[in-house]
Structures are given as structure tokens and as C-alpha cells.
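*Asks:* got a structure for you, letters missing:
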Ligand code: HEM
């Protein structure tokens, strides 16, 4: 059996942390560099001693699997009100002759901010493009993209898994789905990347103003594409969304634009992190990596375990619509609750041997794609991309070895992902 920990400062705390002398002795600070590098020991401490935690900056933080899942399914909570927060900042910026108008307008109509009935209508329309059967049809194209990318580094004996594979894969796959021409894919990728931190609640005003400019450029580009598809429909998602817009006003122009941008903003960095964090976990657990290499058909359950073990999205937020009591704590209407998905996924009450990577784990009902009405729309697509990228790396590159002990994580409070993952292999 593999050790819980290995030499690379891996996680050793499995929920049995020694109790602090007083609960006050344990101060949880999600902005700590130590927490950012490895959040799991702090999650375990929080879950054991203060599972309904009041952050020093006001909001609540939940770390138990059962609590996080219950809130995700509870209609007394709505999704985090990003447009409202942006609007408040917009009012302030107007006095300085700046604005976030494009950002407010876009986030007002994106799925993540909507509630029923608008959410139900839009989700049904876009959801058709992401059904497992449609996504399965993208498998051959995804395999081609991965093969081509690995082919370009195969003779060199080294690669950065993030920049050489994990980054280009999702942007090319979503571009294929939407019908984005090849010559603008790099530009679109750059915009998507610049917008990937949009859900970070601590973005500076400067960053938001920059994102506002990106949204304007993104919108202009998609307006042109939509106009082209109106004249000459193709067999891509933009063309089918145009049909939906024109048939009985089911989709507004703004919504059509936002859907296209949102797919890039939500489906890009998250998938990069699935491939990056997943490969890091395998490299740190060579016996598990070997098992998968010998039995590639295990890949579906392996990807679920990699998603659970080091979740690409560590936290999401909800707002209480009325007073709600959780385990004796009163969450007042209007208060924000942070749901630590990464902590829920390591809850020993839900996952036996929670800190152990077990690629054939059964009953792996993790929350990496959330739950409830906002359950990730792109889950099937992300799974296919992760499965193909990871299996192909293992099958085509023998003797994969991590080339560094000092890994740097991207500075994003909600998304957990590496800046680079350098490896070597035999040619
Ligand atoms: C491993 C990769 C991914 C992870 C871990 C992930 C995770 C999540 C999570 C946790 C949510 C819920 C957010 C909330 O409730 O606040 C979500 C929603 C969403 N995701 Fe993903 N995602 C991934 C990939 C993708 C991809 C590839 C796409 C599309 C191309 C996508 C599109 C969306 C959309 C549109 C929503 C909003 C759904 C709604 O509000 O109804 N995601 N995702």
C-alpha cells in the first residue's frame, strides 16, 4: 500500500489533529501562504474543531461534506451574487470616470448568477450541447489534439505538463465545440485566461477594470462570429444557439454572447487544474501511477479520485436568502457562506482513508463539480479531457519523473492550480 505521505511535503493530517488548547489558538486564515500551498491540514483542523466557522472577514466557512452538500441543495441559499458586488464597485468607480459596465452586464446573464426560472430555461438550452452523448462524440477530436501536443515534445525528453498540454487542450476542445476559427484561438485563449480569476472575491479594482476591457474585446469578437454564423450556419454550438435565440425568443442576444464567453471562462482553467493537479498526484504516488499505466481502463474511476484528492475548485460561495440554522449556528439572511469543496472531499466521515490516493476507490461521490441546480454543466466534457490527457501521457511517455521539489501555485483563492509542472521521460 502507498504511504499517506511522501517526501514532497505531502499531506499527513487525516483528521486526527491534536486538539488546540483553546479553539481561539487556531486562527484560520485562508490568505496564508502556507494554506495556499497545502490547504488540507487546515481543513482537517477546521472540520474537527470549528466546522461552522465564522471567518475574521465576516462570512461563514463550511468544511463538512454533509453540510456542504446540504447547502448546495437547499433553496434557501442562492448562488453568490457576483453581479451585485460588481455593481456596487461600479458605482464607486463612476466617480473616477471608470466603469465595469460590460462586466456587470455579462455576469447578469450568466448561468452561475441566475436563479429559476431564468436559470432553468437557459440551462436546458445550453445543457443539450453538453450531454454525455454529445460529449462522447468529441472524444476522437480530443484524442487528436492531445496526440498532436504530445507529439511535439516527445523527442525532447522533457515537457512542462501545464504549458505544453494542460493549457492548450481545453481551449482547443471548447473552440471545436463552439466553432472558433483556428487563427483566433490563441487570442481567445489569452482572454479566457485573463478572465479565469473572475470568481475570486478579492479582485482589486484595477484587475476588475482590466477584466471589463477583456469582456468588451471578447464580446466584439463573438458578435462578429455570431454575425458570420447567422449568414452561414455550421454544425457548431454557436449556430445551434442562434436557432434557439430565433425560435420563440428563448434566448436573448446578451445571453447568447454571455454563454459563449462563460464556457471559456469556466471551462478553461478548471480543466487545466484537473490535468495538472491530477498528474502531480500521480507523480507523487508512483505505485498508483504504475497501476493505471498497466490498467488504462481504470481511467474513469482514476479521474474521479484525482478530482476528489486535489479539487481544481477549492471553494464556492452561496448567500442565505432567509435566516438558516446549521448545527446551532444562525446564518442570517444576506450572509455569505463559503463552501470548501476541497475540505468536503477529504472528510473522513464520507471518504474512508480520506488522505490516501486510491484510484479504484468505490462510492466516490465527490463534490468537485458541486451539486444542486448549479452542478457543473461541463462535467462530462472535463472528464473526457482529463481521461484522455492523463491516459495518453502515461501510455506514450515512459518513466515520467517530476523535475522539481519547489512547485508554485497560481495566486487564486478559489481555483487550485500549478504555474508549471516540469517532467522528464525516456525518449
Ligand atoms: C475539472 C474541470 C471542472 C471543474 C472542477 C468544474 C467545477 C464547477 C463547479 C464547482 C461549478 C459550480 C459553481 C457554483 O455552484 O458556484 C461549476 C459550474 C459550471 N461549470 Fe464547471 N467545472 C469544470 C469544467 C467545466 C467545463 C469544461 C465547462 C464548459 C466548457 C464548465 C462549465 C460550467 C458552467 C457553465 C457552470 C455553471 C452551471 C450553472 O450555473 O448551472 N465547467 N463548475
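*Replies:* Everything's here; your move. Fair warning: this is a prediction, and the values are worked out from it, not measured in the lab.

*Asks:* how about residue 397, phi and psi?
*Replies:* phi -110, psi 100 (degrees, to the nearest 10).

*Asks:* Tell me how many other residues crowd the residue lying closest to it once chain neighbours are set aside.
*Replies:* The shortest distance from residue 397 to any non-neighbouring residue, by CB to CB, 6 or more residues apart in numbering, is to residue 425 (3.9 Å). To be clear about C-beta, it is placed using only N, CA and C from the backbone, and glycine gets the same treatment. A count of neighbours around residue 425, defined by other CB atoms under 10 Å, yields 17.

*Asks:* Please report phi then psi for residue 233.
*Replies:* phi -60, psi 150.

*Asks:* where do the strands sit along this structure?
*Replies:* Per DSSP state E, the chain carries strands over the ranges 52-54, 60-62, 77-79, 158-160, 315-320, 324-326, 329-331, 336-340, 401-402, 422-424.

*Asks:* Taking the stretch 201-350 of the chain, what residue is nearest to the ligand?
*Replies:* residue 267 (2.6 Å; CB to the nearest ligand atom).

*Asks:* any idea how far that residue is from residue 120?
*Replies:* 21 Å (CB to CB, to the nearest Å).

*Asks:* With neighbour numbers in mind, choose between the two.
*Replies:* For residue 267 versus residue 120, neighbours defined as other CB under 10 Å are more numerous around residue 267 (23 against 12).

*Asks:* For residue 339, the count of nearby residues, please.
*Replies:* Neighbours of residue 339 under the rule other CB under 10 Å: 26.

*Asks:* Which strand residues bridge it?
*Replies:* Beta-bridge partners for residue 339, by DSSP bridges, are residue 62, residue 316.

*Asks:* where does the residue of the chain found nearest the ligand sit relative to residue 53, distance-wise?
*Replies:* Taking CB to the nearest ligand atom, the ligand has its nearest neighbour within the chain at residue 378, 2.0 Å off. Distance of residue 378 to residue 53, computed by CB to CB: 30 Å.

*Asks:* which sections of the stretch 101-250 of the chain are below the confidence cut-off?
*Replies:* 248-249 (pLDDT under 70).

*Asks:* got the residues of it near the ligand?
*Replies:* The stretch 101-250 of the chain comes close to the ligand at residues 111, 112, 123, 174, as judged by CB under 6 Å from any ligand atom.

*Asks:* The same query, at a cut-off of 5 Å, please.
*Replies:* Contacts of the stretch 101-250 of the chain with the ligand, taken as CB under 5 Å from any ligand atom, map to 111, 112, 123.

*Asks:* Which residue ranges of the stretch 51-200 of the chain form helices?
*Replies:* For the stretch 51-200 of the chain, the helices defined by DSSP state H, counting those that start in this stretch cover 65-72, 82-94, 101-108, 118-127, 132-136, 139-153, 168-178, 185-195.

*Asks:* Give me the most central residue, the chain.
*Replies:* For the chain, residue 270 is the residue whose C-alpha lies nearest the centre (CA atoms, centre = their mean; 3.3 Å).

*Asks:* re earlier: what separation do you get for the residue of the stretch 201-350 of the chain closest to the ligand and residue 182?
*Replies:* Residue 267 is 18 Å from residue 182, by CB to CB.

*Asks:* now do residue 413
*Replies:* 34 Å.

*Asks:* For residue 234, the count of nearby residues, please.
*Replies:* 11.

*Asks:* okay, how far is it across stretch 148-165, tip to tip?
*Replies:* End-to-end distance of stretch 148-165 (CA to CA, to the nearest Å): 10 Å.

*Asks:* How about it, which residues are buried there?
*Replies:* 149, 150, 153, 159, 160, 161, 162, 164, 165 (16 or more other CB atoms under 10 Å).

*Asks:* Isn't the residue nearest to the centre of the chain up against residue 311?
*Replies:* No. Judged on CB atoms under 8 Å, residue 270 makes no contact with residue 311 at a distance of 9.6 Å.

*Asks:* Quick one: work out the angle between the longest helix along the chain and helix 101-108.
*Replies:* Secondary structure of the chain per DSSP state H: the longest helix is helix 205-231. Calculated by axes from the mean of the first three to the mean of the last three CA atoms, to 10 degrees, helix 205-231 forms an angle of 70 degrees with helix 101-108.

*Asks:* Now do the contacts for residue 324.
*Replies:* Taking CB atoms under 8 Å, 6 or more residues apart in numbering as the criterion, residue 324 is in contact with 74, 76, 77, 330, 331.

*Asks:* try 6 Å this time
*Replies:* 76, 331 (CB atoms under 6 Å, 6 or more residues apart in numbering).

*Asks:* Kindly state the beta-bridge partners for it.
*Replies:* Bridge pairing for residue 324 - DSSP bridges - gives residue 331.

*Asks:* hmm, back to that, buried ones in the longest helix of the chain?
*Replies:* So, applying 16+ other CB under 10 Å, buried residues of helix 205-231: 208-209, 211-212, 214-215, 218-219, 221-222, 225-226, 229.

*Asks:* Likewise for stretch 385-403?
*Replies:* Neighbour-count burial for stretch 385-403 [16+ other CB under 10 Å]: 385-394, 397, 400, 402.

*Asks:* Could you show which parts of the stretch 251-400 of the chain are in contact with the ligand?
*Replies:* 263, 266-267, 270-271, 274, 312-313, 316, 368-370, 374, 376-378, 381-382.

*Asks:* picking that back up, quick one: the longest helix of the chain to helix 82-94, angle?
*Replies:* Using the same axes, to 10 degrees: helix 205-231 against helix 82-94 is 120 degrees.

*Asks:* and the angle from helix 205-231 to helix 185-195?
*Replies:* Using the same axes, to 10 degrees: helix 205-231 against helix 185-195 is 140 degrees.

*Asks:* Packing partners of helix 205-231?
*Replies:* The contact analysis (3 or more CB pairs under 6 Å, 6 or more residues apart in numbering; DSSP states H and E) places helix 205-231 against helix 101-108, helix 185-195, helix 237-246, helix 253-267.

*Asks:* Out of the ones you listed, which one sits most buried?
*Replies:* Most buried of the helices and strands packed on helix 205-231, by mean neighbour count (mean count of other CB atoms under 10 Å): helix 253-267, with a mean of 22.

*Asks:* now that one, how far from the centre of its chain.
*Replies:* Computed by CA atoms, centre = their mean, to the nearest Å, the chain-centroid distance of helix 253-267 equals 16 Å.

*Asks:* what does it contact?
*Replies:* The contact list for helix 253-267 (CB under 6 Å, 6+ apart) reads 106, 109-110, 126, 170, 174, 192, 195, 198, 218-219, 222, 241, 245, 378.
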